[in-house]
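J.: I'll drop the sequence and a predicted model, then ask my questions.
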Amino acid sequence: MSGHFLMDEIDDFVDDWHGNPNQDIELHEYLGMTWEEYSLWVACPDCLSDIAYSRRRDIPLTKAVNDNIHDNLKLAARSDKAWKIALLQQWIDSQIKR
């Protein structure tokens, strides 16, 4: 999450973490994510870009996700992004309930 790796390399890091059973660190910590970021990634693996956007802009993750929902709503009528909007909205709703 420091920006030094490509988004598709996260699977390699997860495999590395699983390959070392003596880890005294949770997976989200190993990946450099907060619990909030990790919960979003688990709910929507395609949302790593939202996490990176949040960090680059130094804005709350919920704002970055809301921005993504807003941007995708504009495209939803013309694309297959409805599933992502639904996942993002579910995640936002779960954060509000906390």
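T.: Arrived safely, thanks for sending.

J.: contacting residues for the residue most central in space within the chain?
T.: Among the residues of the chain, residue 41 comes closest to the average C-alpha position under C-alpha atoms, centre = their mean, at 3.4 Å. For residue 41, the contacting residues are 10, 33, 47, 48, 51, by C-beta atoms under 8 Å, 6 or more residues apart in numbering. Just so you know, the C-beta spots here come from the backbone N, C-alpha and C atoms, and that holds for glycine as well.

J.: next, it: secondary structure please.
T.: Following DSSP: H, G, I helix; E, B strand; the rest coil, the label given to residue 41 is helix.

J.: so how far is residue 60 from residue 67?
T.: Per C-beta to C-beta, to the nearest Å, residue 67 is found 10 Å from residue 60.

J.: out of the contacts of residue 41, which comes closest to residue 93?
T.: Within the contacts of residue 41, the smallest distance to residue 93 is 14.7 Å, found for residue 47 (C-beta to C-beta).

J.: if I look at that closest one, how far off is residue 92?
T.: 11 Å.
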